[in-house]
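Engineer: Dropping a prediction and its sequence here:
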Amino acid sequence: MFLRIVAESFARSPRRKLITGAALALGMAVATATLTVALSVGDRLAAEFRSLGANLLVTPKADTLPLEVGGVDYRPVNAGAYLPVDDLPKLKQIFWRNNIVGFTPFLDVPVGGVFDGEAILVRRDGKRSYAPIYGSHSDSLLTSWDKNSGWGLVLIGTWVHHVVKLPDGALFDTGVDITHPWWKIEDGGRWFGEDNAECVVGKKFASHWKIQVGKTISVGTSSSASRLQVTGILSTDGPEDDAIVAPLAVAEKLANQPGKFRKLMVSAVVKPDDAFGRRDPGTFTPAEFDRWYCSAYISSIALQIQQTFLDADVKAIRQVSEGESQILGRISALLWVVTLAALVAAGLAVGATAATTVLERQKEVGLMKALGASKLLVGSFFLGEQLLLAIFGGGLGYAFGVLMARWLSLSVFGVSAPARIILLPVALGLAVFVALAGSLYPLRRAARFDPAPILRGE
Amino acid sequence: MFWRIVGRLFRASRGRLAVALIALASGATVTTALVNLHFDAERKLGAEFRALGPNFLVLPQDSAARTSLSDPQASPLMDESVMDRLAKSQGVGYSAPFLYVVASIYRGQDSHQVVVAGTWLDRAPQLSPWWKIAGGPIVDRNDTSRCLIGRSVAKQLGFAPGSQIELRYDDQKGERRVSLIVAGVVDTGGQEDNQVLASLGTVQNLADAKGRVGLIKIRLTGTLEEFSSRILWLSSELRGYDVRPIPQITQAEGQLLPRIQGLIYAMVALILVLTALCVFASMAALAMERRRDVGLMKAIGGKISRIVAIFLTEAGALGLAGALIGYVAGIFLSRWIGWRAFGVAINARLEVLPLVVALMVGVALAGAFPLRLLGRIRPAEILRGE
């Protein structure tokens, strides 16, 4: 009987049900879409922030003070400590290995150079010597240069796209391509091949020494010299514009430090620091420490790298990590506030629609009461109807919202947001709550009416 | 007569109208808040990117001819007066000059090579908000007796706040020395950890480069469109100098800002559509209820155009009232959003008011649109109660 009355009501006035149902579905679709996006936006934006480059710096522990200005280290090769390249695959074995999107080792070597038969021997104190020399003499000249005066040119050895073989057999692509996405090779050139005697030169360096793509240059230190073919002009708008960038293996040979590097930049996707993440790990209880260790905070990832590289000093590049944390925090706060506003607006608007449809039906309430139905029974008819609508509307809204979120995320981030099944009960519960809350007040008012005047049509 | 009927209509069905008004007002509130937010978001978010530190550098033009990076003093320098010109520029949030030299730092008889950066010590930490200074910060730009040292310098050489350090620098004109008290240890997670930071004047004296600076770091603020015009303006104002972006920062900003804005834009649009549709549904339901009244009016000789005008006036008035209530409530909502998200209130814009009024009245009238069909109603049927 109950079901028959409800079914009848649906059959009799489909238009009104359609309005409430559509309002509920739309409201829940927006709620689902905004919540889906708000839930995934943190991860997406954290990934976007990787365009800022590395956020962790690994340097040897037993090191002398780097003489570093603008990111280039000017220490001579015989000062300071080094780290072994062979240890690098271990980075992908830490707890948060999947958050490490890339890492690049660097070895900066002060060198002298011979371009086009002219030796440019620039000393550390800025004095320059020119010596026109030809042919194979250049190598011996380079290596015989007084090692105490050092070299004024800088050769940066690094990986561009290097495939690292991980201990589990997997291959991992990394290099400046990933950690320094703003490094660009100007048109007409290409990156050097890692196994070849090739290099690229910074754009200022190239224009000053009039070096073109295809030329061969000689570079050397007191211990060895190399001939490198220039394959491209590098543009970074940073100190690399004034340097030669070559494969790490070339720099290792020039520095006479085989298999070693001096500085490792790691780019990791991290969770924005909150109050818990900023606490000193020394003050944690064991349970808190576990929670911290298993959260992708920059500090916990740094500690895990530190535990892998015992001879290294790992520190967060705070300009990147803190700026990122702060901006991410702001944006997610903003999105949550907007989402909340969306939910409230959807609730109010949908509730108002539900209320209108109930208000329209005071006559039916009067009739039912005249036939002897109790307030409770009348109420449950209407509420049952609304409940049914809410479940249909909520379910439909969820499905629609998933599509909406996918489209939204795809158009903003270029990656679709994963559907979250957890939001289905949320959408349904919200729909039920809004529909019931919207109809409760008009129902109670309708139930108070005397049936007689309503039936008379007054 | 017209207005009396409208007045009567309002009084007769207060309950229903209240419901419709709630829908309209909540729609208008959210619309106001979100449109305010949308207008302000780009500027506010742009300001947030200050957390990333400087995004532009000013260098001497002939730095292209620099061959010896290894020694800062071998690089060309520029005149300190550039700072005065920068101070007058629009959109320059913060700026600080830097002069780098490599000096020897003495600890007893041991000497170490260290990079000494001369800068405005009151300004540089503001430019780079992530700096942490243990001990006292230096607030006097011309403090020539104290300095800050980087974390690694402090650790490796065993200095702490209060220690006295001696810096020596020699060139062809002989050796110059300066003694400084360590005021604080700075932890930046960057190259400053390996440097000694002293006032610009101190380093200029040490390097015998009075009134000269090597590099200026700038935080340029503004929206993406303002950015390009400001860069142009800066480069023309600072003719003879090399104004260049720090691509790491500017590219990240250029990439992230449109994305975040797109997200906010899409969400605002979604919510607006939702609110408009719900308000429309409420108004449509309300309009259908008026069928009886229309039938009656028609039966006693009302012209259909006049009858429709009465109901459209009702709907329009409702829309206007909802918009006004919603606008006021929306001002508070946008303030709250601003405080929650940015810690600064988002100011209400007056130009949002006509927009909200137009939107709400339009939606309310559109909701009353089905009344147009009432022309076809035959009064007899209605009066018979069918």
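Structural biologist: Noted; the coordinates are in hand.
Engineer: C-alpha only now, for contacts and for neighbours.
Structural biologist: Fine.
Engineer: Could you pick out the longest helix of the chain?
Structural biologist: Here I'm looking at chain A. Taking DSSP state H as the criterion, chain A has its longest helix at helix A:318-359.
Engineer: To clarify, I was referring to chain B.
Structural biologist: helix B:247-289.
Engineer: Just confirm yes or no for that one near chain A.
Structural biologist: Yes - using Cα under 8 Å from any Cα of the partner chain, we find that helix B:247-289 touches chain A at B:247-249, B:251-252, B:256, B:259-260, B:262-264, B:266-267, B:270-271, B:274-275, B:277-279, B:281-282, B:285-286, B:289.
Engineer: Also stretch B:176-192?
Structural biologist: Yes - interface with chain A: stretch B:176-192 contributes B:188-191 (Cα under 8 Å from any Cα).
Engineer: Tell me where the stretch 101-250 of chain A is predicted with low confidence.
Structural biologist: Scanning the stretch 101-250 of chain A for pLDDT under 70 picks out the ranges A:114-152.
Engineer: and stretch B:292-309, how far from the chain's centre?
Structural biologist: Distance, stretch centre to chain centre, for stretch B:292-309: 54 Å (Cα atoms, centre = their mean, to the nearest Å).
Engineer: still on that earlier bit, and the angle for the longest helix of chain B with helix A:318-359?
Structural biologist: 0 degrees (axes from the mean of the first three to the mean of the last three Cα atoms, to 10 degrees).
Engineer: ok, then the element right after helix B:247-289?
Structural biologist: helix B:291-299 (DSSP states H and E).
Engineer: ok, the nearest residue to B:Ala348 once chain neighbours are set aside to chain A distance?
Structural biologist: Excluding the flanking residues, the one nearest B:Ala348 by Cα to Cα, 6 or more residues apart in numbering or on different chains is B:Ile331, at 5.6 Å. The gap separating B:Ile331 from chain A is 13 Å, by Cα to the nearest Cα, to the nearest Å.
Engineer: helix, strand or coil for B:Leu57?
Structural biologist: Under DSSP: H, G, I helix; E, B strand; the rest coil, B:Leu57 falls in the strand class.
Engineer: I figured it hits B:Leu220, correct?
Structural biologist: No - checked against Cα atoms under 8 Å, the pair B:Leu57 and B:Leu220 is beyond contact range at 10.0 Å.
Engineer: where does the stretch 151-300 of chain B have low pLDDT?
Structural biologist: Checking the stretch 151-300 of chain B against pLDDT under 70 turns up B:285-289, B:291.
Engineer: Show me which of B:Leu57 and B:Leu220 is the more surrounded one.
Structural biologist: Neighbour totals were compared for B:Leu57 and B:Leu220, and B:Leu220 leads with 27 against 22 (other Cα atoms under 10 Å in any protein chain shown).
Engineer: Now the residue nearest the centre of chain B: which helix or strand?
Structural biologist: By Cα atoms, centre = their mean, the mean C-alpha position of chain B lies nearest to B:Lys44, the distance being 1.4 Å. Per DSSP H and E: B:Lys44 is located in helix B:14-48.
Engineer: What mean pLDDT does that helix get?
Structural biologist: Average pLDDT, helix B:14-48: 79.
Engineer: near chain A at all, that helix?
Structural biologist: Yes - judged by Cα under 8 Å from any Cα, helix B:14-48 and chain A are in contact via B:16, B:19-20, B:22-24, B:26-27, B:30, B:34, B:48.
Engineer: about what we covered before: how far off helix B:291-299 does the helix or strand hosting the residue nearest to B:Ala348 point, in degrees?
Structural biologist: Using DSSP H and E, B:Ile331 sits in helix B:304-342. Calculated by the same axes, to 10 degrees, helix B:304-342 forms an angle of 150 degrees with helix B:291-299.
Engineer: after helix B:304-342, next one along is what?
Structural biologist: Following helix B:304-342 toward the C-terminus (DSSP H and E): helix B:352-367.
Engineer: can you give me the angle that next one makes with helix B:14-48?
Structural biologist: Inter-element angle recorded for helix B:352-367 and helix B:14-48: 140 degrees (by the same axes, to 10 degrees).
Engineer: In terms of secondary structure, what does helix B:352-367 contact?
Structural biologist: Identification of packing neighbours for helix B:352-367 by 3 or more Cα pairs under 8 Å, 6 or more residues apart in numbering or on different chains; DSSP states H and E yields helix B:14-48, helix B:247-289, helix B:304-342.
Engineer: tell me the most buried of those?
Structural biologist: helix B:14-48 (a mean of 23; mean count of other Cα atoms under 10 Å in any protein chain shown).
Engineer: Report the contact partners of B:Leu121.
Structural biologist: B:138-141, B:197-199 (Cα atoms under 8 Å, 6 or more residues apart in numbering or on different chains).
Engineer: go with 7 Å
Structural biologist: Residues in contact with B:Leu121, defined by Cα atoms under 7 Å, 6 or more residues apart in numbering or on different chains, are B:138-139, B:141, B:199.
Engineer: pLDDT at it, what is it?
Structural biologist: Reported pLDDT for B:Leu121: 88.
Engineer: do you know how far it is from chain A?
Structural biologist: Counting by Cα to the nearest Cα - B:Leu121 and chain A are separated by 18 Å.
Engineer: and the two most separated of the contacts of B:Leu121?
Structural biologist: Using Cα to Cα, the contacts of B:Leu121 span at most 10.4 Å, a distance reached by B:Val139 and B:Ser199.
Engineer: So for those two, which sits in the more crowded spot?
Structural biologist: A side-by-side neighbour count of B:Val139 and B:Ser199, using other Cα under 10 Å, places B:Ser199 first with 25 against 11.
Engineer: Surely the more buried one and B:Arg146 touch.
Structural biologist: No - the pair B:Ser199 / B:Arg146 is not scored as a contact, 8.0 Å apart, by Cα atoms under 7 Å.
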